[in-house]
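Q: need a 3D model of the following:
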Amino acid sequence: VVLCALAGVCWSLIPLGIRFIESAGVWQILFFRSAGLLPMLFCLMYWRSGGQPGQAVIKAGAPGVLGGMALAMAYASGIGAVQLTSVANASFLFATAPFMVALLSFLVLGERVRRATWVAMVVGLAGIGLMVSDSFTTGNWQGDGVALLAALGFALFTIALRRGRASDMMPVSFLGGLFALVLSGLVVSVTGQGFDLPVNEIAIAVMLGVVLLALGMTLYTFGSQVVPGAELALLSMTEVVLAPIWVWIVLGETAAVATLIGGGILMLAIGYNALTGLRRKPLPMGH
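A: Next up is the predicted model:
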């Protein structure tokens, strides 16, 4: 539980880091962040695979490739959302991923969705509606849409893991970072944006990958092995709640009233779904 909570703290600081990058675009940030992320993930994957990282990637197969592509989409959309809308809006909308996972599990994998989850999704949609309606008046609706796209990317990543029955998310996460590096490098080159950025911005982007993203993923990987999914959903809320607080404390960035109310409704829905899931723990072996 402590490891997963600390992972959420690491990830909650990423939007603050992006706020300190002023001149770089989405694809430039993604390129340097991925460049920092990949070596860390490779080392972890090498260790977990017993020195056979190539075999681990091959074992991930087609679901691993699809999951990696979905994760790359989520990474790019996540950065874009933070640049286009408030951190509070982006963070709350990122949190819709568990609902998307439930819906996609029902449609793609044929998994049964609990009644409580359907109720939570309806309530959560009401909160999202309130947030998005305010964004149309403030002009942040594009950022909200990109944030939902990021949540969809994470949801597709999760579905790919389940579809491939992956016991280890590291190879898929590594592929996601690799795809993000290649795609962002191509976009930056073709569009002429270039890689010549202020040294401090490159350093921030690399550290976002090395420290916050990779360290958070490492902590989450170890913690999630023994923490049930319902608890993970609750612990992930630390990231959502803390991200707007960091930018408020450091940069004085505030959120609209509609965002806070709608986000609160969404958090209640996510919490309700997770808490009802806690009561449905599987029976011990032998029962």
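
Q: list the contacts for Phe154?
A: Phe154 sits next to Ala70, Leu71, Ala74, Phe94, Ala97, Met100 when contact means Cβ atoms under 8 Å, 6 or more residues apart in numbering. To be clear about C-beta, it is placed using only N, CA and C from the backbone, and glycine gets the same treatment.

Q: and with 7 Å instead?
A: By Cβ atoms under 7 Å, 6 or more residues apart in numbering, Phe154 lies in contact with Ala74, Ala97.

Q: same deal with Arg162?
A: Contacts of Arg162 were listed using Cβ under 7 Å, 6+ apart, and they are Ser105, Leu109.

Q: I'd like to know which elements the helix ranked longest in the chain is packed against.
A: Counting residues, the longest helix found in the chain (DSSP state H) is helix 53-84. Packed against helix 53-84 by the contact rule (3 or more Cβ pairs under 7 Å, 6 or more residues apart in numbering; DSSP states H and E) you find helix 14-19, helix 26-48, helix 87-94, helix 141-163, helix 170-190.

Q: buried deepest among the ones you listed, which one?
A: By mean neighbour count, with neighbours taken as mean count of other Cβ atoms under 10 Å, helix 87-94 ranks first of these at a mean of 28.

Q: how far out from the middle of the chain is it?
A: Computed by Cα atoms, centre = their mean, to the nearest Å, the separation of helix 87-94 from the middle of its chain amounts to 11 Å.

Q: now swap in stretch 10-18 and tell me
A: Computed by Cα atoms, centre = their mean, the separation of stretch 10-18 from the middle of its chain amounts to 11 Å.

Q: swap in stretch 253-265?
A: Relative to where its chain is centred, stretch 253-265 has its mean C-alpha point 20 Å off (Cα atoms, centre = their mean).

Q: residues contacting that stretch, please?
A: If you take Cβ under 7 Å, 6+ apart as the criterion, stretch 253-265 is touched by 86-89, 92, 123, 126-128, 130-131, 133-134, 138, 244, 247-248.
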